[in-house]
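Trainee: Sharing a sequence plus its predicted fold:
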Amino acid sequence: MLGCGGSGKSAFARRLGARTGLPVVELDSVFWPAGLSRADWVARQRELVAGPRWILDGDLGPYDALEVRAAAADTAVLLNLSPPRCAWRALRRGRERWDFWSWLLTCRSRHLPKVRRALAVSGVDVVELRSPRAVRAFLGRAHVGRLDRRPPVRAIVRNYSFAMVEVTVEETVSCTADAFLELVMDPRRYAEVDRKLGRIDWVQRDGDVTEFRFRSALPGLGPGPKIVSRMTLTPGERVDVRLPDRPENRLARRFSTFEASFACVPADGGIRVTRRIAFGFAAPLRWLAEPVLRRKLRADVEAEVRGAKRLLER
């Protein structure tokens, strides 16, 4: 359940839960009292989505890690009501902090495009409701044990996914998870094995987060624009890679989506590494990029993982 502040997400989620029998979790009550870091929030969401049936109500704006629950959901409901209606509802319910109002007033121009990109990567079905009437119509077709996802009046059902190219490669490496993940978190060192990392201009690390600017070089497509990549470490488990919302990434985020990860689990003789990378492209770029990457990306990623294995097993 997603949408700007004051859009009625919590009331909608409670009514939907009552009609379908699905348990409802209000994310505000989980995140804010605990003051969770991003890594802790990612871990907590994984616990929440482990159950077979649920409704997760909440949109934490710039503090969120939406990709976790979007990947686990089969349907995302996006409440996109008008800013004046959301502001009036927020005023009626009581005082809010200044950052809430900043988020609400810029929601449609800044926040919702980010939400749509995250939903595009996940491939989840999206139901967008733009009026109270559409909300009522959607609820009217919800029944115990069943959620009718047909579009109600003035609702839009979208599959936001661009043309996706996704590769997953697994390899057993004779080292610890910490050793492998620390290699990944050092982009200059990892560039020795990853030909997709072109010239690196700078690297900044703050605890479990590394950001670096580099010129991308996708296989078969040649040098791309300079972009900034953000890697988030979950110690001993995984590294997740995204393109943060920065000026350097404006063009890339407009015409493409990107996500990647490195996950490590114990195995005989070391660890089992799962390397995943996914690109999405909007037309007309996809007509050029998608066929090339479908032919060349897997071999490139396999060579990359083998190179990391050799580097760590010297």
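Mentor: Perfect, I can see it now. Numbering: from 1, shown residues only.

Trainee: start to end distance for stretch 95-111?
Mentor: Across stretch 95-111, the terminal residues are separated by 22 Å (CA to CA, to the nearest Å).

Trainee: all strands of the stretch 1-150 of the chain, in order?
Mentor: Remark: strands assigned in the stretch 1-150 of the chain by DSSP state E, counting those that start in this stretch are 2-3, 24-26, 55-57, 75-79, 125-129, 142-143, 146-147.

Trainee: Please disregard the earlier target; I meant the stretch 151-300 of the chain.
Mentor: Under DSSP E, counting those that start in this stretch, the stretch 151-300 of the chain gives strands at 155-158, 163-173, 197-206, 209-218, 222-234, 238-242, 256-267, 270-281.

Trainee: Those: which one's closest to residue 291?
Mentor: Among those, the nearest to residue 291 by CB to CB is strand 163-173 (9.3 Å). C-beta coordinates here come from the backbone N, C-alpha and C atoms, glycine included.

Trainee: Are there helices or strands packed against the closest one, and which ones?
Mentor: With contacts taken as 3 or more CB pairs under 8 Å, 6 or more residues apart in numbering; DSSP states H and E, strand 163-173 sits against strand 270-281, helix 285-312.

Trainee: Tell me which of the ones you listed lies nearest to residue 18.
Mentor: Residue 18 lies closest to strand 270-281 among those, at 36.1 Å (CB to CB).

Trainee: Give me the angle between that closest one and strand 163-173.
Mentor: Strand 270-281 and strand 163-173 are oriented at 170 degrees to each other (axes from the mean of the first three to the mean of the last three CA atoms, to 10 degrees).

Trainee: Tell me the confidence at the spatially most central residue of the chain?
Mentor: For the chain, the residue nearest the mean C-alpha position is residue 67 (2.7 Å; CA atoms, centre = their mean). Residue 67 carries a pLDDT value of 88.

Trainee: Spatially nearest residue to residue 304, not counting backbone neighbours?
Mentor: Leaving aside its sequence neighbours, residue 304 sits nearest to residue 194 (CB to CB, 6 or more residues apart in numbering; 4.8 Å).

Trainee: how deep is that neighbour tucked in, by neighbour count?
Mentor: Other residues within reach of residue 194 by the criterion other CB atoms under 10 Å amount to 19.

Trainee: now do the one 5 residues further on
Mentor: Applying other CB under 10 Å, we find 11 other residues in the vicinity of residue 199.

Trainee: Ok, residue 229 next?
Mentor: Other residues within reach of residue 229 by the criterion other CB under 10 Å amount to 21.

Trainee: for residue 46, same thing?
Mentor: Residues lying near residue 46 (other CB under 10 Å) number 15.

Trainee: Apart from its neighbours in sequence, what residue is nearest it?
Mentor: Excluding its sequence neighbours, the residue lying closest to residue 46 (CB to CB, 6+ apart) is residue 68, at 6.2 Å.

Trainee: List the residues that contact residue 297.
Mentor: Applying CB atoms under 8 Å, 6 or more residues apart in numbering, we find residue 297 in contact with 165, 167, 218, 219, 277, 279.

Trainee: 10 Å - rerun?
Mentor: By CB atoms under 10 Å, 6 or more residues apart in numbering, the contact set of residue 297 is 165, 166, 167, 196, 218, 219, 220, 221, 277, 278, 279.

Trainee: Dump the strands of the stretch 151-300 of the chain into CSV; add distance to residue 86 and mean pLDDT as well.
Mentor: Below are the strands of the stretch 151-300 of the chain laid out as CSV (distance: least, CB to CB, whole Å; pLDDT from 0 to 100):
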stretch, distance to residue 86, mean pLDDT
strand 155-158, 17, 40
strand 163-173, 32, 84
strand 197-206, 33, 94
strand 209-218, 31, 92
strand 222-234, 29, 90
strand 238-242, 27, 91
strand 256-267, 27, 88
strand 270-281, 29, 89
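
Trainee: can I get those strands in CSV with distance to residue 249?
Mentor: Putting the strands of the stretch 151-300 of the chain into CSV (distance: least, CB to CB, whole Å) gives the following:
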stretch, distance to residue 249
strand 155-158, 23
strand 163-173, 19
strand 197-206, 14
strand 209-218, 10
strand 222-234, 5
strand 238-242, 10
strand 256-267, 9
strand 270-281, 14
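
Trainee: can you tell me which of those strands comes nearest to residue 29?
Mentor: The nearest among these, by CB to CB, is strand 222-234 at 23.4 Å.
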